[in-house]
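*Asks:* Okay, predicted coordinates and the sequence, questions at the end:
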Amino acid sequence: MRAIEPWVLGPLRSFVSESSARLALLMTTSGQVVAQHGFTGALDLMSAAALGAGIIASSSELAMQMDWPPFRIVAHQGEQFSHFLAWFESPRGRWVGLVVFGSETKLGVVQVYFDQLVEELVAAAPPEPVQKKEVLAADFERELNASLRALFGR
Amino acid sequence: MSKYAPLLEALTRLRGIRGAMVVEAADGLVVAESLMGGLKGTALAAMAANIATRATDLAGGAAVGAPRFVHLQATEGALLVAPAGSNLVLVAVASRDVPLGLLRLEMLRMAERLS
């Protein structure tokens, strides 16, 4: 389990253990990974984050077209594995959680512990640094590499 | 009104029943509920369906067939779970002073109607 922001690790660890999730991924709505559990390759992780953020964006757009409030949760049920995808407001802005689970747990259980995860994240977040650094194009690659190192330890 | 509402109403009319729900067995999601304040339906549904699944695994392992009724006695009350066919689970939360025999009979009868 790895996280770019260390305060996320505690709540995510409890979530994974209590929900029996196989894979868990927290990301921003633009697909930037915040924390992950269970992913072994950078490519899989980045693809999952991009696809998850894309699904949330497209389902929100679909809801908007229907004049409905955006769907908070999207669940896909598979024969062996299912996935649960939900957005929530974190102290660092809107985040998305992607959870892959098998038959050892249930969608309802994942949902209950996911709500608990959100509450714990809100409680665990340290105050945000007052001065925000401007993101420059030159810093992007260095920050991306630093994020990958934090997430995969290399 | 859900087609399960009359059934749940009949169950919650019994003395000491704090709530009753029909839960989707595979996902642990609420199908219909009639709960008193303070009971969290989503959490209760998920955990009750999990208990039903584990009880089914356990009964299968012991070669005694499918469970018909699960009674979890706690210090302040009881959680009662009756699988209804392969898709649904009937759940009731009872306080301490409930005639459990009557409740059990009612739940088994209702579970049969649901399956």
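*Replies:* Noted; the coordinates are in hand.
*Asks:* For the residue nearest the centre of chain B, give me its contacts.
*Replies:* The centroid of chain B falls nearest to residue B:91 when counting by C-alpha atoms, centre = their mean (1.5 Å). Going by C-beta atoms under 8 Å, 6 or more residues apart in numbering or on different chains, residue B:91 touches B:20-23, B:44-45, B:48, B:79-82. Using the backbone N, CA and C atoms, a C-beta is placed for each residue, glycine as well.
*Asks:* Phi first, then psi, for it.
*Replies:* phi -120, psi 140 (degrees, to the nearest 10).
*Asks:* partners of it in the sheet?
*Replies:* On the basis of DSSP bridges, residue B:91 is bridged to residue B:21, residue B:81.
*Asks:* What pLDDT does the model give it?
*Replies:* The confidence metric pLDDT takes the value 96 at residue B:91.
*Asks:* what secondary structure does the nearest residue to residue A:22 once chain neighbours are set aside sit in?
*Replies:* Counting by C-beta to C-beta, 6 or more residues apart in numbering or on different chains, residue A:22 lies nearest to residue A:100, which is 5.0 Å off, once chain neighbours are set aside. Three-state call for residue A:100 (DSSP: H, G, I helix; E, B strand; the rest coil): strand.
*Asks:* Pull up the gap between residue A:100 and residue B:24, please.
*Replies:* According to C-beta to C-beta, to the nearest Å, residue A:100 stands 20 Å off from residue B:24.
*Asks:* Just checking, which helix or strand of chain A averages the lowest pLDDT?
*Replies:* In chain A, no helix or strand scores lower on mean pLDDT, DSSP states H and E than helix A:137-152, which sits at a mean of 71.
*Asks:* which parts of it are buried?
*Replies:* Buried residues in helix A:137-152, counting neighbours by 16 or more other C-beta atoms under 10 Å in any protein chain shown, are found at A:148, A:151.
*Asks:* what do you get for stretch A:38-58?
*Replies:* Within stretch A:38-58, the residues scored as buried using 16+ other C-beta under 10 Å are A:39, A:45-46, A:48-49, A:52-53, A:55-57.
*Asks:* near chain B, which of those show up?
*Replies:* For chain B, no contacts are drawn from the buried residues of stretch A:38-58 by C-beta under 8 Å from any C-beta of the partner chain.
*Asks:* Mark which of those residues are part of helices, please.
*Replies:* A:45-46, A:48-49, A:52-53, A:55-57 (DSSP state H).
*Asks:* Closest one to chain B out of the residues you listed, please.
*Replies:* Nearest to chain B among those, counting by C-beta to the nearest C-beta, is residue A:55 at 19.0 Å.
*Asks:* Give me every residue in chain B lying close to chain A.
*Replies:* Applying C-beta under 8 Å from any C-beta, we find that chain B lies next to chain A at B:23-24, B:26-30, B:42-43, B:45-47, B:49-50, B:53.
*Asks:* now with 6 Å?
*Replies:* Residues of chain B lying near chain A by C-beta under 6 Å from any C-beta of the partner chain: B:27-29, B:42-43, B:45-46, B:49-50.
*Asks:* What subset of the residues you listed is buried?
*Replies:* For the residues of chain B next to chain A, a burial check counting by 16+ other C-beta under 10 Å picks out B:27-29, B:42-43, B:45-46, B:49-50.
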